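Chemist: sequence first, predicted coordinates after that:
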Amino acid sequence: MRRFALLIALAALAGPAQAQDRWADATVVSVRLTSFDFTPEEIALPAGRPVVLRLYNDSSGGHNFAARDFFRAAEMRPADRAKVVNGAVEVRSGATVEVGLVPAAGRYRLRCTHTFHTALGMRGSILVR
């Protein structure tokens, strides 16, 4: 019985370490948000592999990275789930927000949902393959 308990304890310790290793090898993809565009405008990501989106707002006003279908289809890093609200990540002026995820294959619409920002050109796409 003692040996069984030890095996369970070791398995519990190995679980988080394996999860951390998965994100240690994640590809970092930087996206710059400005008034009024995303750079790059088309973001290419590998399907089924861990990615960290590094979103940087380089403008004097707030923006968001809104891609509801993209976030819905992706497997999110547990620590980052709360950063995505209604399919969007808010990024304050001068701030950087990182979101770890494993994207699903597809083409997704990207935009800033702040008033008139999409109409002013703040839109793009995410291609995952």
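Modeler: Now that the structure is in, tell me what you want to look at.

Chemist: mind picking out the helix or strand in this structure with the poorest mean pLDDT?
Modeler: One helix or strand of the chain scores below all others by mean pLDDT, DSSP states H and E: helix 2-24, with a mean of 52.

Chemist: and after it, which helix or strand comes next?
Modeler: Moving toward the C-terminus from helix 2-24, the first helix or strand encountered (DSSP states H and E) is strand 27-34.

Chemist: tell me if I'm right that F36 and R123 touch.
Modeler: No - the pair F36 and R123 does not pass the contact test of CB atoms under 8 Å, sitting 9.0 Å apart. Every C-beta, even on glycine, is put in place using the N, C-alpha and C of the backbone.

Chemist: next, show the common contact partners of the two.
Modeler: C112 (CB atoms under 8 Å, 6 or more residues apart in numbering).

Chemist: if I look at the residue nearest to the spatial centre of the chain, how far off is T115?
Modeler: Central residue of the chain (CA atoms, centre = their mean): V99, 3.5 Å from the mean position. Here the criterion is CB to CB, to the nearest Å. By it, V99 lies 23 Å from T115.

Chemist: with V51 instead?
Modeler: Spatial separation of V51 from T115 under the definition CB to CB is 29 Å.

Chemist: for D69, same thing?
Modeler: Remark: distance between D69 and T115 (CB to CB) = 22 Å.

Chemist: out of these two, which sits in the busier spot?
Modeler: Neighbour comparison, D69 and T115: the larger count goes to D69, with 14 against 8 (by other CB atoms under 10 Å).

Chemist: ok so the more buried one is a helix residue?
Modeler: Yes - per DSSP: H, G, I helix; E, B strand; the rest coil, D69 lies within a helix segment.
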